[in-house]
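[1] need coordinates for the below:
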Amino acid sequence: MTADEQSATPSARAVPTEGRTLPGDLGRTTPSTPNADPLQTVLPPAGSEPAAARPTASRDGRAPVGVPLDPARPVAVVGTGTMGQGIAQIALAAGHPVHLYDTAPGRAAEAATAIGARIDRLVAKGRMAPSERDAALPRLTAASEPSELAGAGLVIEAVVEDLTVKQELFRSLEDVVADDCLLATNTSSLSVTAIAGALRLPGRFVGLHFFNPAPLLPLVEVVSGFATAQQSAADALATVAAWGKNPVSCADLPGFIVNRVARPFYAEGFALHEDRIADPATIDAVLRESGGFRMGPFELTDLIGQDVNAAVTRSVWEANFQSPKFTPSLSQRRLVDAGLLGRKTGRGWYDHTEGAPSPEPQVAASAQPPAYVIAEGGLGAAAALLELIAESDVPLRRQDESVRSQLVLPGGGRLALTDGSMSGEFDDLVHFDLALDYRAATRVALAPSPRTSERTLREAIGLFQALGKQVSVIGDAPGMIVARTVAMLIDFAADAVTKGVATEDAVDTAMKLGANYPLGPLAWHRRLPPDWVHTLLQNVHTRIPSGRYGPGLALFQHLHTGAGRHAEGGPTTGGRWGDEAGHTGPGRSGNRGANG
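    Next up is the predicted model:
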């Protein structure tokens, strides 16, 4: 078996990990050029404190204090593909002796040579001193037999995503290493509990989910299985932090944090396209230029690989007993069946062949701004628009005593932020989409209906153009693009906290560092009116009763009882995601025991 964590052949037990390699400088922790080798980086020195490092002891002292692995103790990395090499490079930079092992003859030696060549290039570029290289390279060895890993204090596995393969590997390793050796899997989709189930000492087993490319991306999900000991989880957190990474603690539920919470980002874009609401280029552009995301779901999955992304989605869906919340996309499945996997095959949602034109998002033609605008109410989540209008050349009249929240145009038509209803339910109404920052946004989506007059649509387009925005006119969909996507991300994030996957801060940190979101979903929720997300999802659910959009228990509790604001250590693991300030405390996954 060759150890390649990026396998792209899905099977019942072998699931490819979702690619997280990002273009250009996206997500990088050190400067680099767009064409730089992704494994070339200079890491912070061992023991340095990353910005979002999580403490390993709770304020009441009940959780154990994590002890980082002594740099003198070797780290063994089993599996020498891209991920394995990246993890080995991180441990080497932290001062550890590193043993590489692969079941394929010669692979470990090849990987050691490749890592050495990268380090040489770092020296040539002035990113590493020759003395540092000379000290590091002798600590890197290629093991030809498992017995050579006997002295390791930590073994990290980065082999193919196959449950049986991983179980057999760790069973064999347990007979080789000492009882105090921490065992870790880099799985992104398999159950940490299931992998550890066959071990003699499952308490020392954790998940260390690095993101690819490992030397560049700062996040590591530290996953506690059903039987993971508190001390093992705390020591893993401390070790990863000492390596200069940002660890977040999470429980062993399907998808962990990032691969669980991120599913709606892809699913909503695909669903809107399937419903002919907008084309891929427009959906991507709206999410980038209005939502603040680095990439839209279509371009991102073309980069990841449609087969890889679809397999992760299917894995999470099946692990959640085929819950409609996680239902995969039929249109993405057709791409995979056709072999249109994205950039690696030249075609996916987009044509990536040389010379192929880049599709352009829909842009409305220039229109005259309205003679004036009447603001009824404060516009809620879109209140910043009133400031922009007041600063523009369009006269603004206010009627703040109104119970409604909308803009009235000279022709009598109305312009309102989407609330999950459809424009076609009302006379002469245009819905506009949510934006992360209306001042910074360069594009806004509008959704008219057949009941919208041409004059109202033109006045709405002209208003946003007068504010310096490009306008994309899309179909009439409940929740539109940004609002529906963000609301679902918030719902999934809140659900992860409620189910004990992770704390609020761990979820937000993971989504910012692991998925490059502009804002953590729960931090975004704090910027919105308290009932806005719940109302929008309830309205979408009423119009699309598939079981996917009904707001979860966490949002219901927050709206109706305030139960989303438990005291520290309460049911939501310090759950204060409705509060303005969050607490970065220890994850509870290390002491979940039977609740894992």
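[2] which pLDDT does the model give residue 335?
    Here, the pLDDT recorded for residue 335 equals 98.
[3] surely it and residue 345 touch.
    No - when contacts are counted by Cβ atoms under 8 Å, residue 335 is not listed as touching residue 345 (9.8 Å). Just so you know, the C-beta spots here come from the backbone N, C-alpha and C atoms, and that holds for glycine as well.
[4] and the nearest residue to residue 151 once chain neighbours are set aside, how many neighbours does it have?
    Using Cβ to Cβ, 6 or more residues apart in numbering and skipping the chain neighbours, the partner closest in space to residue 151 is residue 74 (5.6 Å). Close neighbours of residue 74, defined as other Cβ atoms under 10 Å, add up to 22.
[5] same question, residue 292
    18.
[6] and it, how far from residue 486?
    From residue 292 across to residue 486, the span is 10 Å (Cβ to Cβ, to the nearest Å).
[7] hang on, the earlier thing: pull up the overlap in contacts between residue 335 and residue 345.
    Counting by Cβ atoms under 8 Å, 6 or more residues apart in numbering, residue 335 and residue 345 have no common neighbour.
[8] more neighbours, the two?
    Neighbour count, other Cβ under 10 Å: between residue 335 and residue 345, residue 335 has more, with 23 against 17.
[9] helices or strands next to the helix or strand the more buried one falls within in the packing?
    Counting by DSSP states H and E, the element that carries residue 335 is helix 330-337. With contacts taken as 3 or more Cβ pairs under 8 Å, 6 or more residues apart in numbering; DSSP states H and E, helix 330-337 sits against helix 263-274, helix 306-319.
[10] C-terminal to the shortest one, what's the next element?
    By that I understand helix 263-274. Next element after helix 263-274 (DSSP H and E): helix 280-289.
[11] from the chain's centre, how far out does that next one sit?
    On the basis of Cα atoms, centre = their mean, to the nearest Å, helix 280-289 sits 18 Å off its chain's mean C-alpha point.
[12] in terms of secondary structure, what does that helix contact?
    Here helix 280-289 touches helix 263-274, helix 297-304, strand 443-447, strand 470-473, helix 482-498, going by 3+ Cβ pairs under 8 Å, 6+ apart.
[13] next, the angle from the first one to helix 482-498.
    Using axes from the mean of the first three to the mean of the last three Cα atoms, to 10 degrees, the interaxial angle of helix 263-274 with respect to helix 482-498 works out to 150 degrees.
[14] helix 263-274 - contacts with which helices or strands?
    Against helix 263-274 (3+ Cβ pairs under 8 Å, 6+ apart) you get helix 280-289, helix 297-304, helix 306-319, helix 330-337, helix 482-498.
[15] got it, and the longest one?
    Applying 3+ Cβ pairs under 8 Å, 6+ apart, one finds that helix 482-498 makes contact with helix 258-261, helix 263-274, helix 280-289, helix 504-515, helix 521-526, helix 532-543, helix 553-560.
[16] could you give the mean pLDDT of the shortest one?
    When the per-residue pLDDT values of helix 258-261 are averaged, the result is 98.
[17] by contact count, what packs against it?
    By 3+ Cβ pairs under 8 Å, 6+ apart, helix 258-261 packs against helix 306-319, helix 482-498, helix 504-515.
[18] would CSV of those with mean pLDDT be doable?
    Shown next, in CSV, are the helices and strands packed on helix 258-261 (pLDDT from 0 to 100):
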stretch, mean pLDDT
helix 306-319, 95
helix 482-498, 98
helix 504-515, 97
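[19] among the ones you listed, which is nearest residue 555?
    Proximity to residue 555 (Cβ to Cβ) singles out helix 482-498 among these, at 5.7 Å.
[20] start and end of stretch 360-377, how far apart?
    36 Å (Cα to Cα, to the nearest Å).
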